[in-house]
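Engineer: Make a model of this:
(chains A and B)
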Amino acid sequence: MSRSRPLAALAEPLVAAASGLAGAPVDGVLERPSDAERGDDATTVALQLAKKLGRPPREVAEELATSMSGSEALAGAPEIAGPGFLNLRVSDDWCADALADLLDAGVDYGGGSAPKAERVQVELVSANPTGPLTVGSARNGAYGDSVARLLEFAGHDVEREYYYNDAGSQMERFRASVEARRRGEEPPEDGYHGEYIAELAKVDGDPVPGMLERIENTLERFRISIDSWERQSSLEVEIPAIVEELETYEADGAVWIRSTAFGDEKDRVLIRSQDRGGLPTYEAADAVYMRKKFARGFDRLIYVLGADHHGYVPWLKALAGACGRDSDAAEVLIYQLVHLMEEGEAKRVSKRRGDVVLLEELMDAVGVDAARWYLVMRGHDQTIDIDVQLAAERSSANPVHYVQYVHARTSAIFREADGAPVMASAYADLGDAERDLVKRLVEFPDVVAEATERRGPHAITVYAVRVADDFHRFYHHHKVLQKHFEAVTPEQQGFRLALCRATQSVIARCLDLVGVESPDRM
RNA sequence: GCGCCCGUAGCUCAGGGGAUAGAGCGUGUGCCUCCGGAGCACAAGGUCGCAGGUUCGAAUCCUGCCGGGCGCGCCA
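Structural biologist: I've put the predicted structure just below:
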């Protein structure tokens, strides 16, 4: 894992001492103590080393502490606590250095963590155009797009693609439903019944392009920009050629791919038997599609799928193998489903009946910012219950506003500051709230790197709330502008403006990574 | 039956081997002659589903069980 420069500088003497004792390199040694009273940073290396060395932990801790004293990053000697924890207190100079470093990095702060840049395709949403996007697709989009943003920020070249089925039985039912409306009839029983069907019926021709246009507009409003679109019918013409090249066999009149040879849990049918129509399956299109994706030059293919598709994971991994790639080149991100609630009761919904909650309705009810934040703030492994009426009522309590308020507040300060100098040089005796905020901001590169690596953008929202918490506390305890508060010295004003600038920039980045705007006023 | 995900404060959730388990919302009590009160401070609130195991140390890793969600088609 990458580490920001100031943290590395802090860890260096400790790593050197620990590695010396262990006789081998030691890494990942610093962590935040559970209680700020105990110090700014802490380490458990002494506990880990004690066993290896066969010596009492406190004795090892003692030796580490001695070899670290004198480091300029530290204020005083490390303190030994409990069974052998080492608690460190950073110096004011270190805080100023860290802040200066952060401001120097500017908008790139925390970015570029990718060890090597890859061409990555993220396939997301990919809902069939039989109706407007639902909140279920919205979670796919909010999650997938945030992962894409994280990857871009890490330095990868990312393309977002939307795949849809424009043929097949579902689409025929959809078209038949629109046709029925045009004739003034009710759509068939197994057709689609939402109000949008009547809308589409007003315009002649294939309703699919109109539906796709509405979907694209909704996604744009949701701040997801699709780079490319792929449709199933254009893949199908290439199926026969692909089937020739893959390792297949015939059984029960159907053509199967031996995907178990690449780790799949079962072989899959590519071409149905004659008595079932003899047509290619969805999986056959998958095979063509994945080959094309690799041929387009992507190093990594990311599929964002709902938990109802998790049985599909071994298939896609196996398919990558069948394409002659490492199975890791196809990465499947599974998120848990969104359940709709109505006044606390689970609501059974049917897309065909048209009684779903639309993404458009969610955005109307709570706004784009709250909607995106809400759908990404929980871990993707967590199911979400959503009650739109309740969500609308509570939107003012959404933590996104608490975080955005920090941006608005810092903007207000700079509007008042009349261009006063921003100076990241420490004045004597920083306050606790100032030190806490510096330390929080210094964590950012590690937080982003881990969120990216684990495909967990919700970690960004959790971190942003903590930054907001630390900032509001700082703001409340320390006045910034000398113009309003005579007791503030020019050095304090400079340092505090630097803190405001750094906070503003980190918050703006956090919000951007999850597709939320950074308002200058609220 | 098999597979994947979840079970942590009243509610919604963080926490990927470390100290006294955290946040938001909700509840209670205090804070504005001053840079934005969409804020701050304090308080109440917990058998981390249950039982074993690994470890100096487990909410976290392993096994079993209980409870909830989702899968396991020549559907798309």
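Engineer: Quick check: phi and psi on residue A:19?
Structural biologist: Dihedral angles of residue A:19 (phi, psi; degrees, to the nearest 10) stand at phi -60, psi -40.
Engineer: Determine the number of other residues adjacent to it.
Structural biologist: The number of residues packed around residue A:19, counting by other C-beta atoms under 10 Å, is 16. To be clear about C-beta, it is placed using only N, CA and C from the backbone, and glycine gets the same treatment.
Engineer: Check the one 4 residues further on too.
Structural biologist: When counting by other C-beta under 10 Å, one arrives at 9 neighbours for residue A:23.
Engineer: What separation do you get for it and RNA strand B?
Structural biologist: Residue A:23 sits 18 Å away from RNA strand B, going by C-beta to the nearest atom of the strand, to the nearest Å.
Engineer: Tell me the confidence at that residue?
Structural biologist: Looking at residue A:23, its pLDDT stands at 71.
Engineer: wait, does the biggest helix by length in chain A contact RNA strand B?
Structural biologist: Longest helix of chain A, by residue count under DSSP state H: helix A:490-513. No. For helix A:490-513, no contact with RNA strand B is found by C-beta under 7 Å from any atom of the strand; the gap never falls below 7.7 Å.
Engineer: Now do that helix: which elements does it pack against?
Structural biologist: Secondary-structure packing of helix A:490-513 (3 or more C-beta pairs under 8 Å, 6 or more residues apart in numbering; DSSP states H and E): helix A:92-105, helix A:135-154, helix A:399-416, helix A:432-453, helix A:458-477.
Engineer: As CSV, those with mean neighbour count and distance to residue A:198 would be great.
Structural biologist: Below are the helices and strands packed on helix A:490-513 laid out as CSV (neighbours: other C-beta atoms under 10 Å; distance: least, C-beta to C-beta, whole Å):
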stretch, mean neighbour count, distance to residue A:198
helix A:92-105, 20, 54
helix A:135-154, 25, 22
helix A:399-416, 19, 35
helix A:432-453, 21, 43
helix A:458-477, 19, 39
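Engineer: For residue A:221, find the nearest of those helices.
Structural biologist: Smallest distance to residue A:221 across those (C-beta to C-beta): 11.0 Å, for helix A:135-154.
Engineer: Would you mark the buried spots in the helix or strand following that closest one?
Structural biologist: Once the chain leaves helix A:135-154, the next helix or strand it forms, by DSSP states H and E, is strand A:157-164. By 16 or more other C-beta atoms under 10 Å, the buried positions in strand A:157-164 come out as A:158-164.
Engineer: Return the angle between stretch directions for the longest helix of chain A and helix A:135-154.
Structural biologist: In terms of direction (axes from the mean of the first three to the mean of the last three C-alpha atoms, to 10 degrees), helix A:490-513 departs from helix A:135-154 by 130 degrees.
Engineer: can you dump the C-alpha coordinates of helix A:490-513 into PDB?
Structural biologist: Presented in PDB, the C-alpha positions along helix A:490-513 are these (Å, rounded to 0.1, in the frame of the first residue of the first chain):
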ATOM      1  CA  PRO A 490      -0.700  36.600  11.500                       C
ATOM      2  CA  GLU A 491       1.100  33.200  11.900                       C
ATOM      3  CA  GLN A 492      -2.100  31.600  13.300                       C
ATOM      4  CA  GLN A 493      -4.200  33.100  10.500                       C
ATOM      5  CA  GLY A 494      -1.700  31.800   7.900                       C
ATOM      6  CA  PHE A 495      -1.700  28.300   9.300                       C
ATOM      7  CA  ARG A 496      -5.400  28.100   9.800                       C
ATOM      8  CA  LEU A 497      -6.100  29.300   6.300                       C
ATOM      9  CA  ALA A 498      -3.700  26.600   5.100                       C
ATOM     10  CA  LEU A 499      -5.800  24.100   7.100                       C
ATOM     11  CA  CYS A 500      -9.000  25.500   5.500                       C
ATOM     12  CA  ARG A 501      -7.500  25.300   2.000                       C
ATOM     13  CA  ALA A 502      -6.400  21.700   2.500                       C
ATOM     14  CA  THR A 503      -9.700  20.600   4.100                       C
ATOM     15  CA  GLN A 504     -11.600  22.200   1.200                       C
ATOM     16  CA  SER A 505      -9.500  20.400  -1.400                       C
ATOM     17  CA  VAL A 506      -9.700  17.000   0.300                       C
ATOM     18  CA  ILE A 507     -13.500  17.300   0.800                       C
ATOM     19  CA  ALA A 508     -14.000  18.400  -2.800                       C
ATOM     20  CA  ARG A 509     -12.100  15.300  -3.900                       C
ATOM     21  CA  CYS A 510     -14.100  13.000  -1.700                       C
ATOM     22  CA  LEU A 511     -17.300  14.400  -3.000                       C
ATOM     23  CA  ASP A 512     -16.200  14.200  -6.600                       C
ATOM     24  CA  LEU A 513     -15.200  10.600  -6.100                       C
END
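Engineer: quick one: low-confidence ranges for the stretch 351-500 of chain A?
Structural biologist: Scanning the stretch 351-500 of chain A for pLDDT under 70 picks out A:351-356.
Engineer: Throw the helices and strands packed on helix A:490-513 into a markdown table and include distance to RNA strand B, thanks.
Structural biologist: Output for those, formatted as a markdown table (distance: least, C-beta to the nearest atom of the strand, whole Å):
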| stretch | distance to RNA strand B |
| --- | --- |
| helix A:92-105 | 18 |
| helix A:135-154 | 11 |
| helix A:399-416 | 3 |
| helix A:432-453 | 8 |
| helix A:458-477 | 3 |
